[in-house]
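Novice: sequence-free structure coming up:
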């Protein structure tokens, strides 16, 4: 055991962290994102990705999707702390492996090169509904939707084929079937 | 059509409707319209402090001792940044504060204008919520909502930032909404099943302990009443956190004293060895738990708290009851009383052995110290202060350090709301302004700040406030010329390298008292102590009491960092001292 030479105890054994997705419904008001993000940074939680936009203009509600890692205890804390924030209406969380939840991210790839290379890129992206948003003789902007890890893989794969710029949204999530997050 | 009111008028309308009687503040450019309006509202008295941190702590003392929210009014920029320490302190210790700050006019926000700062940005992590009011039409709703947020659930500080043009702009006033929209933030939804489960645990337990905290105080005097009934019904031993002192009578036999780092031997050992631990309104702070892995290893743990995020944050519990302490304990008491024949008698005999064990621990007399005829021992000074003031309804505040722990150990509180101290944040300089706030709330009562000379110098300027309003607060300084707790840690953990913990050039507190226009008293001989203390109590006006104490005294018992509850270092009177000290040294 490391010896403590301070007024504080030494950290004790840690559990293994898992990846979780939080969906948070908030009032769409000034500073609300800062409150949510500040909670994460202030308490030392991770943010792997973040997606936020207004989803109900009448009720003025935004939906924030946050991918984070943590031990079950930390994940519990994140949920409870988020729930305490005044502009937060509802918090849902689930494990990345959860089969009942769809979890998608969109990416834009700019590929510069000869036609055949661009074709190769499109081919490589075939599994992920590639859409060409812009095309010139020597370039293309390809849009795909996929899981986070899949986009990571594609990002690597397309580099040698002329990928010069990647832009991606954070992950967004939705339950399968008729039910919604409660 | 209703009359249009200016933003400044609306501020006061809201304060009146929220039944605010006192505000603590300091004027400045960006709040001048509000200060201008003050004269038209005779029911609200403004207390002019000398530094905005003092306003914050005074409001904390006011809130803690009265149960009402404390209100603070400061200007933009430095006014707001100066109050940040007090807001953070209130956030850590769950004190309801409503802070109103001025801001530069809306068209200048973001331009680095004179005395501009991002007040809502700076205070976001140290308030429950804050608002920047950009439309005067929102102002009344925001202020009413602010009071609601500050005082409901787990209480805490809030801040309302009002730009100067909004203070001038006119609109209609809106009264507070009677029906509270709860937005899913109400946490009083415990069930009878949970209560029954707890009562079952109570009746099975052979080695129970109740560990109560500041939540009992925050829940109001009825909570303390219910707690006392609960302790009487069960016959269980009870210990308390620093913030919970006074919820249960400190001189009662079932009370084991404070627990934690400087808690009693019996309280900490009972926590370690118990088979049932009932946490009522406390939060398993790291000064309480010691080493987490070895915290109360063999007990079933129950946690009653209004804040769901306190549950399982530090310590996993077996039964969590989320609710207001008053309603939960009253429910438990009712349930126990209903089954009175079965449980209450048989269980008391169940735990007779446990009480025997506790009495054995008690014999250690862990708060003992070697008294002296030559120098005043700080523990002795607190004991004498207690003996000479216990028959009055005395309110005690403290600064932070050794003197704070000695006060907690040796001053016995019998009522809630009589003990105001900075526990979570540990803010040196809290006690003097807090005493100002307490005295404002209780003008006829005896208010004493048990202080250290280093802490009290941090907010000494508030003596001027006390003199201005003729607040007869008593500043009882245990003067050992050191930052005592720092020195103690340096002695125990850093090979007596007393790096910068000695104050070379302390002021003459007698002359300081004279300069402020209050009474100065000094004692450096144990023989003078009693009559000097009596003189302090009898004097009708603020007093600074410079009590010179033995500078080498350490605060015992203590749990060294990283150790469980059953490995305490005891004081010098203990026979096992050398052995345990040896262990303590091995730790470093």
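Specialist: Good, I have the coordinates. Computed from a predicted structure; not experimentally measured.
Novice: Looking at the stretch 51-200 of chain B, which residue is nearest chain A?
Specialist: residue B:129 (4.2 Å; CB to the nearest CB). Using the backbone N, CA and C atoms, a C-beta is placed for each residue, glycine as well.
Novice: What's the local residue count around that residue?
Specialist: Using other CB atoms under 10 Å in any protein chain shown, residue B:129 has 21 neighbouring residues.
Novice: Count the residues that sit near the closest residue to it other than its chain neighbours.
Specialist: Nearest residue to residue B:129 in three dimensions, chain neighbours excluded: residue A:86, at 4.2 Å (CB to CB, 6 or more residues apart in numbering or on different chains). Residues near residue A:86, counting by other CB under 10 Å, number 19.
Novice: same deal with residue B:407?
Specialist: Residue B:407, neighbours per other CB under 10 Å, totals 31.
Novice: Check the one 5 residues further on too.
Specialist: Other residues lying near residue B:412 total 17 when counted by other CB under 10 Å.
Novice: which stretch of helix or strand covers the residue nearest to it when sequence neighbours are not counted?
Specialist: The spatial neighbour of residue B:412 that comes closest, neighbours along the chain excluded (CB to CB, 6+ apart), is residue B:250 at 3.3 Å. Assessed by DSSP states H and E, residue B:250 sits outside every helix and strand.
Novice: do residue B:61 as well
Specialist: Assessed by DSSP H and E, residue B:61 sits inside helix B:52-66.
Novice: tell me the angle of the following helix or strand past that helix relative to helix B:52-66?
Specialist: Using DSSP H and E, the helix or strand that follows helix B:52-66 in sequence is strand B:70-74. For strand B:70-74 against helix B:52-66, the angle by axes from the mean of the first three to the mean of the last three CA atoms, to 10 degrees is 170 degrees.
Novice: Identify each buried residue in the helix or strand following strand B:70-74, please.
Specialist: For strand B:70-74, the following helix or strand on the C-terminal side (DSSP H and E) is helix B:78-82. Applying a neighbour-count criterion of 16 or more other CB atoms under 10 Å in any protein chain shown, one finds B:79-82 buried in helix B:78-82.
Novice: ditto for stretch B:106-113
Specialist: B:106, B:113.
Novice: in chain A, which spans are strands?
Specialist: Ranges of strands in chain A, per DSSP state E, are A:18-27, A:49-56, A:61-70, A:88-95, A:101-112, A:131-135, A:139-146, A:163-168, A:172-175.
Novice: Using a markdown table, lay out the ones you listed together with distance to residue B:213 and mean pLDDT.
Specialist: As requested, those are exported to a markdown table (distance: least, CB to CB, whole Å; pLDDT from 0 to 100):
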| stretch | distance to residue B:213 | mean pLDDT |
| --- | --- | --- |
| strand A:18-27 | 30 | 95 |
| strand A:49-56 | 36 | 94 |
| strand A:61-70 | 27 | 96 |
| strand A:88-95 | 26 | 94 |
| strand A:101-112 | 39 | 94 |
| strand A:131-135 | 58 | 95 |
| strand A:139-146 | 50 | 96 |
| strand A:163-168 | 47 | 96 |
| strand A:172-175 | 38 | 93 |
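Novice: Make JSON lines out of these and add distance to chain B and mean neighbour count.
Specialist: Below are the strands of chain A laid out as JSON lines (distance: least, CB to the nearest CB, whole Å; neighbours: other CB atoms under 10 Å in any protein chain shown):
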{"stretch": "strand A:18-27", "distance to chain B": "9", "mean neighbour count": "20"}
{"stretch": "strand A:49-56", "distance to chain B": "16", "mean neighbour count": "15"}
{"stretch": "strand A:61-70", "distance to chain B": "13", "mean neighbour count": "20"}
{"stretch": "strand A:88-95", "distance to chain B": "7", "mean neighbour count": "17"}
{"stretch": "strand A:101-112", "distance to chain B": "22", "mean neighbour count": "18"}
{"stretch": "strand A:131-135", "distance to chain B": "35", "mean neighbour count": "12"}
{"stretch": "strand A:139-146", "distance to chain B": "33", "mean neighbour count": "19"}
{"stretch": "strand A:163-168", "distance to chain B": "28", "mean neighbour count": "14"}
{"stretch": "strand A:172-175", "distance to chain B": "20", "mean neighbour count": "18"}
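Novice: Including distance to residue B:7, could these go into a markdown table?
Specialist: Formatted as a markdown table, those follow (distance: least, CB to CB, whole Å):
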| stretch | distance to residue B:7 |
| --- | --- |
| strand A:18-27 | 23 |
| strand A:49-56 | 29 |
| strand A:61-70 | 28 |
| strand A:88-95 | 28 |
| strand A:101-112 | 45 |
| strand A:131-135 | 49 |
| strand A:139-146 | 49 |
| strand A:163-168 | 44 |
| strand A:172-175 | 41 |
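Novice: roughly how far apart are the most centrally placed residue in chain B and chain A?
Specialist: By CA atoms, centre = their mean, chain B has its centre lying nearest to residue B:421, at 4.0 Å. With distances taken as CB to the nearest CB, to the nearest Å, residue B:421 is found 18 Å from chain A.
Novice: Quick one, grab the pLDDT at that residue.
Specialist: Residue B:421 carries a pLDDT value of 98.
Novice: if we can go back for a sec, what's the local residue count around the residue nearest to residue B:412?
Specialist: Residues lying near residue B:250 (other CB under 10 Å) number 22.
Novice: mind checking the backbone torsions on it?
Specialist: Note on residue B:250: backbone dihedrals following degrees, to the nearest 10 are phi -70, psi -20.
Novice: mind listing what it touches?
Specialist: Each residue near residue B:250 by CB atoms under 8 Å, 6 or more residues apart in numbering or on different chains is listed here: B:257, B:411-414.
Novice: Could I get these in a markdown table, plus columns for secondary structure and pLDDT?
Specialist: Formatted as a markdown table, these follow (DSSP: H, G, I helix; E, B strand; the rest coil; pLDDT from 0 to 100):
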| residue | secondary structure | pLDDT |
| --- | --- | --- |
| B:257 | strand | 96 |
| B:411 | coil | 97 |
| B:412 | coil | 97 |
| B:413 | coil | 97 |
| B:414 | coil | 96 |
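Novice: Could you identify the most distant pair in those residues?
Specialist: Spanning the widest gap among the contacts of residue B:250 are B:257 and B:414, at 13.9 Å by CB to CB.
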